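Chemist: could you look at this predicted model? Sequence included:
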Amino acid sequence: MSWWRRGLNVFRQEGVSSDLDRELDFHIAERADELQASGMSEEEALREARRRLGNYTQQKERTWDVDVLGWLERLVADVRYALRTLRSNPGFATVAILSLALGIGANTAMFSLIDAVILKKLPVRDPDALVQILTTGGGDDFSNPLWEALHQHQTALAGVAAIGETRFNLSRGGEVRYAEGALVSGGFFDLLGVRAAAGRLIALSDDHRGCAAVAVLSNGMWQREYGGAQDALGRSISLNGRPYEIIGVAERSFFGVKVGRSVDVYIPICTEEAALRDPTLWFLNVIGRLKPDMAVAAANGHLQSIAQAVYAGALERADPNTPFFRPEPPDPAATISATPIARGLSPLRIDYSKALVVLMVLVAVVLLITCANVANLLLARSSARQREIAVRLSIGASRLRVIRQLMTESIVLALLSSIVSVLLALWGSRALVMLLSTSTSRVSLDLSIDARMLLFTLGAATIATLIFGAAPAWRAGFADPQKVLRSTGRGITGRSRLNPGKLLVIAQVGLSLPLIVAAGLLLGTLRKLTSDTGYTNAAVHFATLNLPGENERQRTVFDNVLERIRQTPGIDIASASQLMPLARQAWNGQFFVDGYQPPTSRDLLAFRNEVTDDYFATIGTRLLAGRDFDARDRPGTQLVAIVNTEFADHFYGTSAVVGRRFRVRSADGPEYEIIGVVQTARHRSLREKPERVVYTPWSQARNPAAAFTIAARGGTAPQFMNAMRTIARTVDPSMSLQFGSLNQQVAESTTRERILAFLSAAFGILALVLAVIGLYGIMAYNVARRRNEIGLRIALGSARARVVRLILGDAVWVLLPGLVLGLALIYTGIRFLESFLFGIAPTDPVTWTSSAAILLLVGLAAAGLPAWRASRVQPMAVLREE
Amino acid sequence: MRKQKQDILQGTLAMLVLKTLAVHDQMHGYAITAAIQRVSNELLRVEEGSLYPALHRMEQDGWVKAEWGLTEKNRQARFYRLTSAGRRQLAAEQAGWERLIQGVSLVLEQA
């Protein structure tokens, strides 16, 4: 028999027991036979045989100890007992398991998010050898000529590859349907060691001038769009209106090199002929692989030594006729360097890592509060079980055994909660990722259950168990059994000010206050950001139109569409602009004003937007002076413009600038007259400082139209979308449409703030609920303990109201120290939130006082019920319980 | 019948059981005690309380194997037999015992 069998025997204890009985009984029977043969009676023989074997139970037990693994047997017994106790206390079990599951689950969700965004390495071959190549000043963008020059000149690295991010419209006309795309160099897949799940991947042979238009799909895209069918290979896919042949599918685990972005379609860079010789288009990121045993420093040294050659090479490959390009000799201080990139490129990480860490801290606090709650629950229960434990101690159980058994209960609790928490974590982290995604930037992260996540859960559960389980177990195990067995729960109990239960609730209250304050501050930030944007709060629909082909037709087509939508019933007002509000791109230009001497060349700059008449009325930006664009403003008439107050103040020093003039592009450029002034609205994003913006009339525009976004108010979004689709189809079926709304734009601009506000509010509420439960529990327990005292007081004439005040007073003695503790915690920690706030100070008194007030009121309400119950105690009933 | 018999030293019980099984191929616990008693000319008597824990421990250590069977009287009994590891253990213990005897004798024979 080995460890294995001895362990197994723990689970077949009846079998082992009956086997032992049979063996010993046989021995006795044989002995009895022998004795009978020598003359004893049957009865005597049996008795003597039994006597000779010795104490039957003892023999059996000694053999049993050899057959069965002792510690495992005790453990299984403890676990079974724990499960039985939990089943017989369903209320306690549910509350404890759920609150632990919430606490552990929230932590695991945050961890898996942090793991996916910050910690995990790319799922490629040997990610530790990957580096990203950077240009001067750590810039990570390359133009194609620069990339090709680098590729040609570098020899130190095992390989380099380039990838450019882009989006492909899969539809041919009508509403757009986007897929995430990437332009890659020939060696890209090979460098990363990515394998094909079907067909073949883009290779070096596909990378040359005049290459064929081929495409590689991601596994996800292949499953979604083609059902994973083999015949997808060889089919044609339309990307931005151009056909590409599908030659293969990448393996399932590969999502690209940017964490948070999952590429759907890869095409070779060489298919974008226009970009190949353009030195002003910086659209590529370059990665490289170090040779085995090569250090980054060595690579850096080599790259620096070839930097000048590379930049010169880029110049040679550039097309000198590129607009806005002026060939210049390379800057002698220009650099090329490499930096390790095992975890992939990630703007997501840069944007969110601090926020994620803050959230992780908040959620850990929630776990602490949860543990305090469960510890209190356990303490209350162990007090109720004092007699049982005292009896066990007095009949010989060792203290260690009792403690071990209580700890086992805590462990079982923690394990059950862990199972639930894994499910909660999965759901929670996916919900988080959905919050992060917006309509134009989809975030995709690999959040499947993996070993790290499970290990984290177990770790959190272990720590939680130690925190909430150890203290009650210890206390129970060291109770004096005599004292307990003798006491009958009568008499006046002293008012112990500082029993552990109260301390725990004070800690809970203390930890909850910072969470509530943080939530208040972050919500305030969100509110400040989304109010006073310079746009209306009403629903504004947007449709961005794109017409492939020649430019002259575009303006007529767009005007046609605008005219039609204005006549659509249900639409109150419609207009159009080149740029949507809060679009993240912008155009700027230089503006020259008589009498204004710009201190730097930057002071000549202002943003531009082309808009039609009624634009400001549609989006809700107020016209403060002058007039809007109208039919008077046509090609050939005076060039006019409307400016915002920021522009006016900057260039003219006053807002009264109607009638003033400026020139564009140079001091002798075309002259514009200002006909109106609007309030300064946020142009690119909500967090920016106010920017100077000039609006020019669409009707006077001379350059080709880059894009055209229709803004409309009135009707519902589906009504608007249907109307636009019909109009677009009628006017020009090859036109592509993309819909949006002002709310969406605002939402996108505030994604991070929304997440922080939402989550901190959720955690704050969770903390509040837990603290309330804790407070209620401790007050109820107190009242129960002091029933005799209360009964006596009432019998001796105390008013019931006074009893209520007594109990509430107790509650205040818990809440106040908790609030003080909370204030101390906030004070030390609030600095970390500073960078996330906007328009509200970290020490905002309104937030602090209202948070404290909420906590106080809720706490008193929680204590109210036990207090009221206390006042209802019938003195005769209590005293009669003698 | 009582004073002359000596209770066997704990450590040697295993060796004697192993030897008995080596001679008799397979036996149940009761027969083992009877055999030891008989072969030693009643000089040795197994303490019945230690037999079964010892047998089970030897089974755990892999020196004996056990299975249920029927005796001639049609009673169910657990029969033990020696394993090859048990044979090796027996040889080792026997060698150790002989060294012990030699040593003790030398000491006792000194003048």
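Modeler: Arrived safely. Residues are numbered from 1 along each chain as shown, chains lettered A, B, ... in the order given.
Chemist: would you map the helices across chain B?
Modeler: Assigned by DSSP state H, the helices in chain B fall at B:10-24, B:29-39, B:48-61, B:84-109.
Chemist: tell me which of these sits nearest to residue A:44.
Modeler: Nearest to residue A:44 among the helices of chain B is helix B:48-61; the distance by C-beta to C-beta comes to 17.9 Å. Glycine gets a C-beta too; all of them are placed from N, C-alpha and C.
Chemist: check the gap between residue A:278 and chain B for me.
Modeler: 79 Å (C-beta to the nearest C-beta, to the nearest Å).
Chemist: let me redo that: residue A:707
Modeler: Shown here: residue A:707 relative to chain B, a distance of 82 Å by C-beta to the nearest C-beta.
Chemist: now swap in residue A:669 and tell me
Modeler: Using C-beta to the nearest C-beta, we find residue A:669 at a distance of 99 Å from chain B.
Chemist: so which of the helices of chain B is nearest residue A:816?
Modeler: Across the helices of chain B, closest to residue A:816 is helix B:48-61 (C-beta to C-beta), at 63.2 Å.
Chemist: in which helix or strand would I find the residue most central in space within chain A?
Modeler: When C-alpha atoms, centre = their mean is applied to chain A, the residue found nearest the centroid is residue A:432 (4.3 Å). Using DSSP states H and E, residue A:432 falls within helix A:399-436.
Chemist: just for the chain, where's the confidence low?
Modeler: All of this is about chain A. Within chain A, the segments meeting pLDDT under 70 span A:1, A:324, A:438-441, A:484-498, A:549-552, A:584, A:703-706, A:881-882.
Chemist: the chain in question should be chain B.
Modeler: Under the criterion pLDDT under 70, the flagged ranges of chain B are B:1-10, B:111.
Chemist: residues from it in reach of chain A?
Modeler: Contact residues (C-beta under 8 Å from any C-beta of the partner chain) of chain B with chain A: B:28-31, B:48-49, B:52-53, B:56-57, B:59-60, B:62, B:73, B:75-78.
Chemist: got a list of what residue A:848 touches?
Modeler: By C-beta atoms under 8 Å, 6 or more residues apart in numbering or on different chains, the contact list for residue A:848 reads A:517, A:823, A:826.
Chemist: what's the following helix or strand after the strand or helix carrying it?
Modeler: Assessed by DSSP H and E, residue A:848 sits inside helix A:845-871. Scanning forward in sequence from helix A:845-871, with DSSP H and E defining helices and strands, the next element found is helix A:875-879.
Chemist: that older thread, out of the helices of chain B, deepest packed?
Modeler: Most buried of those by mean neighbour count (mean count of other C-beta atoms under 10 Å in any protein chain shown) is helix B:48-61; its value is a mean of 20.
Chemist: tell me the angle that helix makes with helix B:29-39.
Modeler: For helix B:48-61 against helix B:29-39, the angle by axes from the mean of the first three to the mean of the last three C-alpha atoms, to 10 degrees is 110 degrees.
Chemist: which strands and helices lie in contact with helix B:48-61?
Modeler: Where contact means 3 or more C-beta pairs under 8 Å, 6 or more residues apart in numbering or on different chains; DSSP states H and E, helix B:48-61 is packed against helix A:13-37, helix A:42-53, helix A:56-67, helix B:10-24, helix B:29-39, strand B:64-70, helix B:84-109.
Chemist: chain neighbours aside, what residue packs nearest to the spatially most central residue of chain B?
Modeler: Taking C-alpha atoms, centre = their mean as the criterion, residue B:17 is the residue nearest the geometric centre of chain B, at 1.8 Å. Nearest non-adjacent residue to residue B:17, counting by C-beta to C-beta, 6 or more residues apart in numbering or on different chains: residue B:32, 5.8 Å away.
Chemist: element containing residue A:738, please.
Modeler: Per DSSP H and E, residue A:738 falls inside strand A:736-741.
Chemist: now what about that strand, what contacts it?
Modeler: For strand A:736-741, the external contacting residues (C-beta under 8 Å, 6+ apart) are A:169, A:171, A:173-176, A:439, A:539-548, A:580, A:717, A:720-721, A:724-725, A:728.
Chemist: before we move on, the earlier item: which residues touch the residue nearest to residue B:17?
Modeler: Residue B:32 sits in contact with B:17, B:20-21, B:46, B:51, B:55, B:80, where contact means C-beta under 8 Å, 6+ apart.
Chemist: of those residues, closest to residue A:632?
Modeler: Once C-beta to C-beta is applied, the member of those that ends up nearest residue A:632 is residue B:55, at 114.3 Å.
Chemist: I'd say the closest one and residue B:29 touch.
Modeler: Yes. Under the criterion of C-beta atoms under 8 Å, residue B:55 makes contact with residue B:29 at 5.9 Å.
Chemist: need the overlap of contacts for these two.
Modeler: residue B:80.
Chemist: just checking, residue A:522 is part of a helix?
Modeler: Yes. The assignment for residue A:522 by DSSP: H, G, I helix; E, B strand; the rest coil puts it in a helix.
Chemist: next up, identify which helix or strand the closest residue in space to it that isn't next to it in sequence is on.
Modeler: If you skip the residues right next to it in sequence, residue A:522 has residue A:757 as its closest partner in space, 4.3 Å away by C-beta to C-beta, 6+ apart. According to DSSP H and E, residue A:757 maps onto helix A:751-785.
Chemist: pull out the buried residues from that helix.
Modeler: A:751-764, A:766-783, A:785 (16 or more other C-beta atoms under 10 Å in any protein chain shown).
Chemist: by contact count, what packs against it?
Modeler: helix A:90-114, helix A:347-384, helix A:399-436, helix A:500-530, helix A:800-829, helix A:845-871.
Chemist: how about a cut-off of 6 Å?
Modeler: Under the contact criterion of 3 or more C-beta pairs under 6 Å, 6 or more residues apart in numbering or on different chains; DSSP states H and E, helix A:751-785 touches helix A:347-384, helix A:500-530, helix A:845-871.
Chemist: now for these, which one comes closest to residue A:458?
Modeler: Ranking these by their distance to residue A:458 (criterion: C-beta to C-beta) puts helix A:347-384 first, at 13.9 Å.
Chemist: and after that closest one, which helix or strand comes next?
Modeler: Tracing the chain C-terminally past helix A:347-384 and defining elements by DSSP H and E, one meets helix A:386-394 next.
Chemist: report the strands that pair with the strand holding residue A:738, each with its relative direction.
Modeler: Next to strand A:736-741 in the sheet, as set by DSSP bridges, lie strand A:174-175 (parallel), strand A:540-546 (antiparallel).
Chemist: what's the next secondary structure element after the first one?
Modeler: Moving toward the C-terminus from strand A:174-175, the next helix or strand (DSSP H and E) is strand A:178-184.
Chemist: for that next one, packing partners?
Modeler: Packing contacts for strand A:178-184, counted by 3+ C-beta pairs under 6 Å, 6+ apart, involve strand A:159-169, strand A:265-268.
Chemist: so which bits of the last one are buried?
Modeler: Read it as strand A:265-268. For strand A:265-268, using 16+ other C-beta under 10 Å, the buried residues are A:265-268.
Chemist: contacts for it?
Modeler: With C-beta atoms under 6 Å, 6 or more residues apart in numbering or on different chains as the test, strand A:265-268 has contacts from A:168, A:179, A:181-184, A:202, A:206-207, A:211, A:215-217.
Chemist: which of those are buried?
Modeler: Buried residues within the contacts of strand A:265-268, counting neighbours by 16+ other C-beta under 10 Å: A:168, A:179, A:181-184, A:202, A:206-207, A:211, A:215-217.
Chemist: hmm, which two among those are most spread apart?
Modeler: Every pair of the buried ones among the contacts of strand A:265-268 checked by C-beta to C-beta; the farthest is A:179 and A:207, at 21.7 Å.
Chemist: tell me the secondary structure at residue A:275.
Modeler: Under three-state DSSP, residue A:275 comes out as helix.
Chemist: for residue A:283, see how far away it is.
Modeler: From residue A:275 across to residue A:283, the span is 7 Å (C-beta to C-beta, to the nearest Å).
Chemist: same deal with residue A:208?
Modeler: According to C-beta to C-beta, residue A:208 and residue A:283 sit 19 Å apart.
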